[in-house]
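*Asks:* sharing a model prediction with you, sequence too.
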Amino acid sequence: MREHPDRISIDDCRHGWLYRVYSRNLNLGVYREEERGFVGIRHKMGRRYLFTEFHWDIGPPYGTANPLEAICECSVERLDEYFRRDSGPGIDSNTELFDWVDEQGKQLGISPESC
């Protein structure tokens with residue numbers, strides 16, 4: 001993954017907002033300020049699940065997500081509850097958050113998961 005010239009800086013990202021991102025594993029993600037990353041749908045080996053990819057500005061080797069556009073604020077109730085339950089980069093995919101990101105991708109015509 002390489003730096004994208006149109007990247008929104010980490011200081012300008014807003015917690016709980018959905019972003020279009022250029023990254024290794026995600027095309028859309030909700031910014032999670034505490035982790036400095038984006039929670040989105042990853043597709044791997046036939047599975048779809050929520051996954052966190054970290055903002056480019058945190059640096060190598062983990063910073064791989066370049067946010068390009070703020071789309072909207074996430075309307076999922078208890079969003080921070082979902083984030084607190086997380087113990088790492090994978091968040092339980094059987095949640096309202098997964099469904100919301102998936103639906104936003106469909107409405108925008110953007111695959112919420114990696115290509």
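*Replies:* Perfect, I can see it now. If you're wondering where the values come from, they're calculated on a predicted model, not measured in any experiment. Numbers count the residues shown, from 1 in each chain.

*Asks:* what pLDDT, on average, does stretch 5-12 get?
*Replies:* The pLDDT scores in stretch 5-12 average 93.

*Asks:* stretch 54-71 too?
*Replies:* Per-residue pLDDT over stretch 54-71 has a mean of 95.

*Asks:* list of residues touching it?
*Replies:* Contacts to stretch 54-71, defined as C-beta atoms under 8 Å, 6 or more residues apart in numbering, come from residues 1, 3-4, 6-10, 13-14, 17-26, 28-29, 31, 35-38, 53, 104, 108. Where you see a C-beta, it was placed from the backbone N, CA and C, and this is true even at glycine.

*Asks:* tell me who's in contact with residue 4.
*Replies:* Residues in contact with residue 4 (C-beta under 8 Å, 6+ apart) are 22, 56, 66, 68.

*Asks:* from residue 67, how far out is it?
*Replies:* Separation of residue 4 from residue 67 (C-beta to C-beta, to the nearest Å): 9 Å.

*Asks:* ok, back up a step: which among the contacts of stretch 54-71 end up buried?
*Replies:* Buried members of these, counted by 16 or more other C-beta atoms under 10 Å: 7-8, 10, 13, 17-23, 25-26, 28-29, 31, 35-38, 53, 104.

*Asks:* tell me what whichever helix in the chain runs longest is packed against?
*Replies:* What stands out as the longest helix in the chain, according to DSSP state H, is helix 96-108. In terms of contacts (3 or more C-beta pairs under 8 Å, 6 or more residues apart in numbering; DSSP states H and E), helix 96-108 is packed against strand 17-22, strand 28-32, strand 37-44, strand 47-55, strand 63-73, helix 79-85.

*Asks:* please pull out the lowest mean pLDDT helix or strand from the protein.
*Replies:* Lowest on mean pLDDT, DSSP states H and E among the helices and strands of the chain sits strand 90-91, with a mean of 53.

*Asks:* just want the most central residue of this structure.
*Replies:* With distances taken as C-alpha atoms, centre = their mean, the residue of the chain nearest its centroid is residue 29 (2.2 Å).

*Asks:* identify the bridge partners of it.
*Replies:* Counting by DSSP bridges, residue 29 forms beta bridges with residue 19.
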